[in-house]
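J.: quick check, what structure comes out for this input:
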Amino acid sequence: MKFGLQIGYWGAQPPVGQRELVTAAEECGFDAVFTAEAWGSDAYTPLAWLGSGTERIRLGTSVLQLSARTPTACAMAALTLDHLSGGRHIVGLGVSGPQVVEGWYGQPFAKPLARTREYIDIMRQVWAREAPVASPGPHYPLPYTGPGSTGLGKNLKPIVHPLRPDIPIFLGAEGPKNIALTAEIADGWLPLFFTPRMADMYNEWLDEGFARPGARRSRDDFEVCATAQIYLTDDPASVLAGLKPVTALYMGGMGSEDTNFHAEVYRRMGYGDLVDEVTALFRSGRKDEAAAAIPDEVISESTLIGDADSVREQIKVWEAAGVTTLLVAAGSVQQIKDIAALA
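T.: Model (predicted):
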């Protein structure tokens, strides 16, 4: 089992002390560090800044939003960072949701699976640099010849020769079709709210993708980097209580009442009635009641909580479920050292 450090995205102000955390993660043997983006800070700028002080640790995004960049722009950023880091970049991508895509980026959300497939194909054409990049569309036609076109567009190769012709791509996927697509066309999966209890279901979806003609990977060389916070404590009850408000937000307050992909994850875990209850409470402004309605086991099955010996045993369960990397957050250098000592 490997560990990755999840830096996430900024809140109202830039966070302090992240350079120290990333340095400690590298010194303690963490495999990777990941940044994220929502509708504030972007993922690439902090990753380049933080990565400039490292030598070994892999630099990933978890995740870049497809609609934030055209596929060629994303490929340019990736090949640039891959050069600057000596070949340590991981491109983590996700489609986000309609509220962000249409409300923040001003783009249509339709056909996310087809857009993802087309997007990745274009990125890999850029890195391969075997021929001018071309795509018939319909989502990212190259060259563009639609309404308003001058007719002067031409297919181009990147000026810069990529350091690696095949930079690894991980996908943040939650639904069965998206997870199967991930196994077919990507190099790794970035699950959120993973639980070993549902491993058979996840593996069925992954195996569907691995079995498709032309699949890039097999179970043996595919990475599963699961976000799974680790809390070393002798007081699990207080930790569980502190996590319930955040869980209520994801379960009942993300997206819209009718379209919340995170809520669907919990429904597939068997918590449909709870999702309905938490959503109704959260969206009526009763957020404290929404948090209180969540049972402890809902939190604990997606989180590793307990003393060091207990967490070590839990890590074995996650590893047996197919997870190759636990992607964790940390608030201090000492916390990173404590987590590293579990391996």
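J.: look up phi and psi at the spatially most central residue of the chain.
T.: To find the centre residue of the chain, average its C-alpha atoms and take the closest one (CA atoms, centre = their mean): that gives S62, at 3.5 Å. When read as degrees, to the nearest 10, the backbone of S62 gives phi -140, psi 80.
J.: what's the closest non-adjacent residue to it?
T.: In this structure, S62 finds its nearest non-sequential neighbour in F34, 3.9 Å apart by CB to CB, 6 or more residues apart in numbering. In this view, the C-beta of every residue, glycine as well, is placed from N, C-alpha and C.
J.: got it, and I315?
T.: I315 sits nearest to M1 (CB to CB, 6+ apart), 5.5 Å away.
J.: so that neighbour makes contact with E319?
T.: Yes - M1 is within contact range of E319, at 4.8 Å (criterion: CB atoms under 8 Å).
J.: strands of the stretch 101-250 of the chain, residue ranges please.
T.: Remark: strands assigned in the stretch 101-250 of the chain by DSSP state E, counting those that start in this stretch are 169-171, 188-189, 223-227, 230-232.
J.: got a markdown table for those, with mean neighbour count, mean pLDDT and distance to G252 too?
T.: Shown next, in a markdown table, are the strands of the stretch 101-250 of the chain (neighbours: other CB atoms under 10 Å; pLDDT from 0 to 100; distance: least, CB to CB, whole Å):
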| stretch | mean neighbour count | mean pLDDT | distance to G252 |
| --- | --- | --- | --- |
| strand 169-171 | 24 | 98 | 25 |
| strand 188-189 | 24 | 98 | 25 |
| strand 223-227 | 24 | 97 | 19 |
| strand 230-232 | 19 | 96 | 23 |
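J.: just send those back as TSV, with distance to A292 too.
T.: TSV is the format used below for the strands of the stretch 101-250 of the chain (distance: least, CB to CB, whole Å):
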stretch	distance to A292
strand 169-171	34
strand 188-189	33
strand 223-227	24
strand 230-232	20
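J.: hmm, who's touching the helix or strand hosting the residue nearest to S62?
T.: In the assignment (DSSP states H and E), F34 maps to strand 32-35. Here strand 32-35 makes contact (CB atoms under 8 Å, 6 or more residues apart in numbering) with 2, 4-9, 22, 25-26, 43-44, 46-47, 50-51, 54, 57-62, 90, 92, 225, 325, 327.
J.: and those residues, which of them are in helices?
T.: Secondary structure assignment by DSSP state H places V22, A25, E26, Y44, P46, L47, L50, G51 of the contacts of strand 32-35 in helices.
J.: keeping just the C-alphas, turn stretch 130-140 into PDB.
T.: Extracted in PDB, the C-alpha atoms of stretch 130-140 (Å, rounded to 0.1, in the frame of the first residue of the first chain):
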ATOM      1  CA  GLU A 130       3.200  11.400 -34.400                       C
ATOM      2  CA  ALA A 131       1.000  13.600 -36.600                       C
ATOM      3  CA  PRO A 132      -0.800  16.900 -36.500                       C
ATOM      4  CA  VAL A 133      -3.600  16.600 -33.900                       C
ATOM      5  CA  ALA A 134      -7.000  16.100 -35.500                       C
ATOM      6  CA  SER A 135     -10.500  15.300 -34.200                       C
ATOM      7  CA  PRO A 136     -13.800  15.000 -36.000                       C
ATOM      8  CA  GLY A 137     -15.600  16.000 -32.900                       C
ATOM      9  CA  PRO A 138     -18.500  16.400 -32.200                       C
ATOM     10  CA  HIS A 139     -17.400  17.800 -28.800                       C
ATOM     11  CA  TYR A 140     -13.800  19.100 -29.600                       C
END
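J.: for that stretch, what does the pLDDT average out to?
T.: The average pLDDT for stretch 130-140 rounds to 97.
J.: which other residues reach it?
T.: For stretch 130-140, using CB under 8 Å, 6+ apart, the contacting residues are 70-72, 111, 114-115, 118-119, 121-122, 125-126, 141-143, 154-158.
J.: equivalent analysis for stretch 75-92, please.
T.: So stretch 75-92 is contacted by 32, 34, 44, 47-48, 51-52, 54, 56-64, 69, 74, 122-123, 126-127, 158, 160, 162-164, 167-172, 188, 190 (CB under 8 Å, 6+ apart).
J.: got a PyMOL select line for the buried ones in the residues you listed?
T.: To isolate the buried ones among those in PyMOL, judged by 16 or more other CB atoms under 10 Å, type:
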select buried, resi 32+34+44+47+48+51+54+57+58+59+60+61+62+63+64+69+74+122+123+126+127+158+162+163+167+168+169+170+171+172+188+190
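J.: next, the distance between the ends of stretch 207-218.
T.: In stretch 207-218, first residue to last residue: 9 Å (CA to CA, to the nearest Å).
J.: buried residues in it?
T.: Going by 16+ other CB under 10 Å, stretch 207-218 has these buried residues: E208, G209, F210, R216, R217.
J.: with stretch 293-306 instead?
T.: A293, I294, V298, I299, S300, S302, T303, L304, I305, G306.
J.: again with stretch 316-326
T.: W318, A321, G322, V323, T324, T325, L326.
J.: what's near enough to touch the nearest residue to G272 once chain neighbours are set aside?
T.: With sequence-adjacent residues excluded and distances taken as CB to CB, 6+ apart, G272 is closest to Y266, at 7.9 Å. Going by CB under 8 Å, 6+ apart, Y266 touches F193, M251, G272, L274, V275, V298.
J.: let's see that with 10 Å instead.
T.: With CB atoms under 10 Å, 6 or more residues apart in numbering as the criterion, the residues that contact Y266 are 193, 247, 250-252, 260, 272, 274-275, 278, 294, 298, 302.
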